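Novice: Here is a sequence together with a model predicted from it:
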Amino acid sequence: MSLEDTPIYGFSTACGHGTIALGYWAVHKGLVNAPENGVVDVVIDVPSGRVVASVTRKDGKSIYADFVNVSTYQIAKGLSVAIPSRDSDISVDLTFAGAMIASVDTTQLGLEVKPSNVNEFIRIQREIKASLGDRAKYGPNELYAMLFFEEEENGKGSGWIVQKSINVYGDQIDRSPCGSGTCGRMAILLAEGRLRENSKLLHHSIIGSAFEAEIVSKGQSPVEGFPACVVRVRGQAYLVAETRFFINAEDPVSPGFVLR
């Protein structure tokens, strides 16, 4: 099975929450033999590599799905970025988690991650992206999304880090905490030395949805000075609609057209 994420500005090389959703969908459609109780693996090829969505079932229902991402690592730390509208500079970190993710600590902006600040985050994201320019490119990969994150009170106990993010991409807001972005946050936490053995991240979105993440293995990063890790992310998906497209040979513009 393969997955192409298609946000409004084109194709992405990875989509974590899309991987979770596709795992649910494959089970729902009977494309894999799923038990009434237990776990079934759905193997998915994405442009950045092969990932696996492991769907946990209970009494015939899909309860949650874990996906194990491709190798994730930090690319740059503390890039100085100008925000003209605020007449100030901030620091931005970059990670590769199957897709290029920028990470910004909201304490630099004095903004809380809450719905009333959505338009301001979108506006600032445009300025940061413009200021980053070619620094946000990594090989053939260009910037996919920007996570503005804040620390949250840890009600989960020892071994957990709790953060909340707003994920901005293509001037849109993600309803999830972003699967690739969650992996990117783990890579940064690892590089900062904040992850103890068996530490986990509880990552909330701006609307309260959540992913849980943990590192399953560590490795050598292609970027000197930063460690690499393979991250497992756990989340849920819900089937809400089905759409079917057809190619009609009699259509004079079949199978489609490109204007730009």
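Specialist: Received the coordinates, thanks. Residues are numbered from 1 along each chain as shown.
Novice: which residue sits closest to Ala76, ignoring its sequence neighbours?
Specialist: Ranked by CB to CB, 6 or more residues apart in numbering and with sequence neighbours excluded, the top spatial neighbour of Ala76 is Leu94, at 4.3 Å. Quick note: C-beta positions are derived from backbone N, CA and C, even for glycine.
Novice: Tell me which other helices or strands the host helix or strand of the one you found touches.
Specialist: Using DSSP states H and E, Leu94 maps to strand 88-96. Identification of packing neighbours for strand 88-96 by 3 or more CB pairs under 8 Å, 6 or more residues apart in numbering; DSSP states H and E yields strand 72-83, strand 100-105, helix 118-132, helix 179-191.
Novice: Mind checking the pLDDT average for it?
Specialist: What strand 88-96 shows for mean pLDDT is 97.
Novice: tell me the angle that strand makes with helix 179-191.
Specialist: Going by axes from the mean of the first three to the mean of the last three CA atoms, to 10 degrees, strand 88-96 is angled at 100 degrees with respect to helix 179-191.
Novice: so strand 88-96 versus strand 72-83, what angle?
Specialist: Using the same axes, to 10 degrees, the inter-axis angle of strand 88-96 relative to strand 72-83 is 160 degrees.
Novice: Could you list the buried residues of strand 88-96?
Specialist: Ile90, Val92, Asp93, Leu94, Thr95, Phe96 (16 or more other CB atoms under 10 Å).
Novice: Now do stretch 53-61: everything it contacts.
Specialist: Residues from elsewhere that reach stretch 53-61, judged by CB atoms under 8 Å, 6 or more residues apart in numbering: 19-20, 22-24, 26-27, 34-42, 44, 62-68.
Novice: so how many other residues sit close to Glu153?
Specialist: 6 (other CB atoms under 10 Å).
Novice: contacting residues for it?
Specialist: Per CB under 8 Å, 6+ apart, neighbours of Glu153: Val162.
Novice: Show the pLDDT at it.
Specialist: With respect to pLDDT, Glu153 scores 87.
Novice: does it count as helix, strand or coil?
Specialist: Recorded secondary structure, Glu153: coil (DSSP: H, G, I helix; E, B strand; the rest coil).
Novice: wait, isn't the residue nearest to Ala76 in contact with Thr72?
Specialist: No: using CB atoms under 8 Å, Leu94 makes no contact with Thr72, being 11.9 Å away.
Novice: End to end on stretch 230-248, go ahead and measure it.
Specialist: One end of stretch 230-248 to the other measures 43 Å (CA to CA, to the nearest Å).
Novice: For that stretch, which outside residues touch it?
Specialist: By CB under 8 Å, 6+ apart, the residues outside stretch 230-248 that reach it are 16-17, 20-21, 23-25, 28, 62-72, 97, 176, 179, 182-183, 186-187, 209-219, 254-255.
Novice: Mind checking which of those are buried?
Specialist: Here, 16+ other CB under 10 Å leaves 16-17, 20-21, 23-25, 62, 64-72, 97, 176, 179, 182-183, 186-187, 210-215 buried among these.
Novice: Verify the stated contact: Pro227 with Leu190.
Specialist: Yes: at 5.5 Å, Pro227 counts as touching Leu190 under the criterion of CB under 8 Å.
Novice: Show me which of those two is the more surrounded one.
Specialist: It is Leu190, of Pro227 and Leu190, that has more neighbours when counted by other CB under 10 Å, with 21 against 17.
Novice: if I look at the more buried one, how far off is Glu150?
Specialist: In this view, Leu190 and Glu150 are 19 Å apart by CB to CB, to the nearest Å.
Novice: For the nearest residue to Pro35 once chain neighbours are set aside, which three-state class applies?
Specialist: Excluding its sequence neighbours, the residue lying closest to Pro35 (CB to CB, 6+ apart) is Arg57, at 5.9 Å. Following three-state DSSP, we place Arg57 in the strand state.
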